[in-house]
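Peer 1: Structure, please.
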Amino acid sequence: AAQSPRAFGELVGSLALLPLAEVQTLFQTATATAAEPLANACRAEPGNAWQVFALLTPPLANANAAPAFDAVCDFLIAFGKALADDRYGSVVLTKYALPFLLPLLHSLTPAKAPRLLSLVYAFVPSTAAAHIDAIRALQEALDDQKAFVTLLPYLVTLEPAFEDDLFNLYIYYGVMALDLKESRLRAAAIGVLAVLADVRYNLILELLPKLGAIDDPWWEVQAQMARLCATLLRRMPADQSTGPLDLLAKALSSRCHATQILALSAAAPTLSSYPDLLPPFIDSLLSLPSDKRIPLLEAGPASAVEVAMAGGAAMEAATLPPVWPALEVATELMASARARKLDTLELPYAEVLTALVPAVSTASSPAGWAEWLKVNKDYLYVALCEEALCPGVSSFILALFKCVAQDALPT
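Peer 2: Next up is the predicted model:
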């Protein structure tokens with residue numbers, strides 16, 4: 001490309017006519033063989049970087065297929081990293097890259113944000129000071145508060161560590177954006193604070209009065225609030241938990257399915273430490289329709305449910321069984337049935353019981369499950385008479401009998 005820019009330009013101009021696999025192969029080869037020579041050409045003459053972005057930004061804008069977009073990004077990221085450790089990287093970023101990337105950043109679909117922001121960071125060293133400079137250069141180049149705030153939740157997840165100055169910069173942006181009027185911008189601000197809470201929860205705790213005063217029913221605001229509060233609960237002392245508990249319970253009480261899925265996923269790891277969350281957790285789980293609940297009940301440790309957002313992006317919700325306290329969940333599940341004075345269990349209950357099978361099968365101490373069986377045997381056995389409930393409940397009972405062995409006989 002450095003030796004024959006015209007030929008390279010003609011090739012790039014014809015990318016839309018090439019099969020997707022060939023586009024991927026082309027840029028994978030270029031990433032391995034051409035990124036470093038191209039960086040050397042830009043060191044010799046920085047103006048060459050203008051040609052690079054003039055040629056490759058249009059394919060980025062037009063690459064609707066994710067593999068093609070990623071392939072071009074990978075090439076430019078390799079090019080940027082080859083320049084990042086000397087003074088040329090920041091010059092190329094601010095003088096040549098950002099002017100071409102700005103239209104993309106303004107019109108960016110959320111699904112493409114992480115890759116494009118990784119491209120921005122590729123041109124600078126992976127240090128707090130360099131990232132601060134890159135963030136400020138990005139903010140100045142965008143000159144658009146809304147567009148910048150929208151990018152912050154993606155930027156903050158790219159940070160390998162948070163030194164004081166970098167942390168303070170993000171918390172400043174997050175607090176500032178909480179006061180913006182648009183719901184999606186408030187959601188972005190809370191998403192930034194949720195990441196920061198995992199680093200220094202005590203500073204985020206000081207914002208609880210401000211967070212508690214936010215009265216925004218939009219689903220993503222509530223979902224991000226759930227993530228933030230669950231992170232605080234995992235980090236903070238139990239005697240300071242009242243505010244986050246109330247806000248997380250509020251998110252669980254939503255009947256927007258997207259909010260529920262993300263709030264349930266966030267709350268599940270906290271249930272052992274905060275049993276007061278069990279009633280709203282079970283109520284929320286049971287109120288979901290089966291097609292939304294069953295994916296959340298997958299048992300695999302790497303399982304996740306994607307919740308679609310505007311623009312093709314998605315938020316991931318980890319599934320529940322790998323992290324929830326199974327016996328406590330089972331106890332509250334049956335307490336819910338009794339509180340509702342059900343004559344027999346309903347299908348949502350059977351679905352949750354089925355999801356508890358792996359935990360029962362691997363329980364290290366059967367005494368708790370044996371006591372649970374004695375208390376709840378009537379609901380279990382009556383459910384065997386219901387055709388829709390029998391398969392799930394019988395699989396649970398079989399696992400339970402194997403777990404408690406002879407302690408099942410009195411029932």
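Peer 1: Is there a neighbour count for Glu306? I'd like the number.
Peer 2: Other residues within reach of Glu306 by the criterion other CB atoms under 10 Å amount to 12. (Glycine included, C-beta is placed from N, CA and C.)
Peer 1: tell me which element it is part of?
Peer 2: If you go by DSSP states H and E, Glu306 is part of strand 304-308.
Peer 1: same deal with Leu247?
Peer 2: Going by DSSP H and E, Leu247 is in helix 242-252.
Peer 1: For the lengthiest helix in the chain, enumerate the helices and strands it packs against.
Peer 2: Looking across the chain with DSSP state H, the single longest helix is helix 66-84. For helix 66-84, the packing partners by 3 or more CB pairs under 8 Å, 6 or more residues apart in numbering; DSSP states H and E come out as helix 20-33, helix 35-44, helix 48-62, helix 87-92, helix 113-122.
Peer 1: In the stretch 1-150 of the chain, where is pLDDT below threshold?
Peer 2: Counting by pLDDT under 70, the stretch 1-150 of the chain has low-confidence residues at 1-20, 22-23, 63-65, 108.
Peer 1: rewinding a little: the helices and strands packed on helix 66-84: which one's closest to Tyr201?
Peer 2: Tyr201 lies closest to helix 113-122 among the helices and strands packed on helix 66-84, at 24.7 Å (CB to CB).
Peer 1: State the next helix or strand along the chain beyond the closest one.
Peer 2: helix 128-142.
Peer 1: got the angle for that next one vs helix 66-84?
Peer 2: Going by axes from the mean of the first three to the mean of the last three CA atoms, to 10 degrees, helix 128-142 is angled at 120 degrees with respect to helix 66-84.
Peer 1: Just the C-alpha atoms of helix 128-142, please, in PDB.
Peer 2: What follows is helix 128-142, C-alpha atoms only, in PDB (Å, rounded to 0.1, in the frame of the first residue of the first chain):
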ATOM      1  CA  ALA A 128      -3.500   6.400  32.000                       C
ATOM      2  CA  ALA A 129      -1.900   9.600  30.800                       C
ATOM      3  CA  ALA A 130      -2.000   8.600  27.100                       C
ATOM      4  CA  HIS A 131      -5.700   7.500  27.400                       C
ATOM      5  CA  ILE A 132      -6.600  10.800  29.100                       C
ATOM      6  CA  ASP A 133      -5.100  12.700  26.200                       C
ATOM      7  CA  ALA A 134      -6.900  10.500  23.700                       C
ATOM      8  CA  ILE A 135     -10.200  10.900  25.500                       C
ATOM      9  CA  ARG A 136      -9.800  14.700  25.600                       C
ATOM     10  CA  ALA A 137      -8.800  14.700  21.900                       C
ATOM     11  CA  LEU A 138     -11.800  12.700  21.100                       C
ATOM     12  CA  GLN A 139     -14.100  15.000  23.100                       C
ATOM     13  CA  GLU A 140     -12.600  18.100  21.400                       C
ATOM     14  CA  ALA A 141     -12.800  16.600  17.900                       C
ATOM     15  CA  LEU A 142     -16.500  15.400  18.400                       C
END
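Peer 1: now it, how far from the chain's geometric center?
Peer 2: Average the C-alpha atoms of helix 128-142, do the same for its chain, and the two points are 24 Å apart (CA atoms, centre = their mean, to the nearest Å).
Peer 1: so where is the stretch 201-350 of the chain shaky, pLDDT-wise?
Peer 2: Scanning the stretch 201-350 of the chain for pLDDT under 70 picks out 310-312.
Peer 1: now the strands for it?
Peer 2: If DSSP state E, counting those that start in this stretch is used as the criterion, the strands of the stretch 201-350 of the chain fall at 304-308, 314-318.
Peer 1: of the ones you listed, which approaches Arg184 most closely?
Peer 2: strand 314-318 (12.9 Å).
Peer 1: Can you give the distance from the closest one to the centre of its chain?
Peer 2: Centroid separation for strand 314-318 versus its chain: 5 Å, with CA atoms, centre = their mean.
Peer 1: same check, this time on stretch 252-263
Peer 2: 15 Å.
Peer 1: What residues of it count as buried?
Peer 2: Within stretch 252-263, the residues scored as buried using 16 or more other CB atoms under 10 Å are Leu252, Ser254, Cys256, His257, Ala258, Thr259, Gln260, Ile261, Leu262, Ala263.
Peer 1: Likewise for stretch 367-381?
Peer 2: Residues of stretch 367-381 classed as buried: Gly368, Trp369, Ala370, Trp372, Leu373, Asn376, Tyr379, Leu380 (neighbour count, 16+ other CB under 10 Å).
Peer 1: Make TSV out of the residues you listed and add secondary structure and distance to Pro46.
Peer 2: As requested, the buried residues of stretch 367-381 are arranged in TSV below (DSSP: H, G, I helix; E, B strand; the rest coil; distance: CB to CB, whole Å):
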residue	secondary structure	distance to Pro46
Gly368	helix	68
Trp369	helix	69
Ala370	helix	74
Trp372	helix	70
Leu373	helix	74
Asn376	helix	73
Tyr379	helix	74
Leu380	helix	73
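Peer 1: Would you check which pair of those lies furthest apart?
Peer 2: Of all pairs drawn from the buried residues of stretch 367-381, the greatest distance, 17.4 Å, lies between Gly368 and Tyr379 (CB to CB).
Peer 1: ok, the strand holding Glu306: who's next to it in the sheet?
Peer 2: Within its sheet, strand 304-308 is paired with strand 314-318 (antiparallel), according to DSSP bridges.
Peer 1: my hunch is that Val199 is in a helix, does that hold up?
Peer 2: No - counting by DSSP: H, G, I helix; E, B strand; the rest coil, Val199 is not part of a helix but coil.
Peer 1: How about residues contacting the longest helix of the chain?
Peer 2: 15, 20, 23-24, 26-28, 30-31, 34-36, 38-39, 42-43, 52, 56, 59-60, 63, 89, 92-93, 97, 111-112, 115-116, 118-119, 122-126 (CB atoms under 8 Å, 6 or more residues apart in numbering).
Peer 1: Now for Pro289, how many residues are close by?
Peer 2: With neighbours defined by other CB under 10 Å, the count for Pro289 comes to 9.
Peer 1: likewise Asp215?
Peer 2: Asp215 has 6 neighbours, counted by other CB under 10 Å.
Peer 1: With Gly300 instead?
Peer 2: Around Gly300 there are 10 residues (other CB under 10 Å).
Peer 1: Can you give me every residue that contacts it?
Peer 2: Residues in contact with Gly300 (CB under 8 Å, 6+ apart) are Thr319, Pro322.
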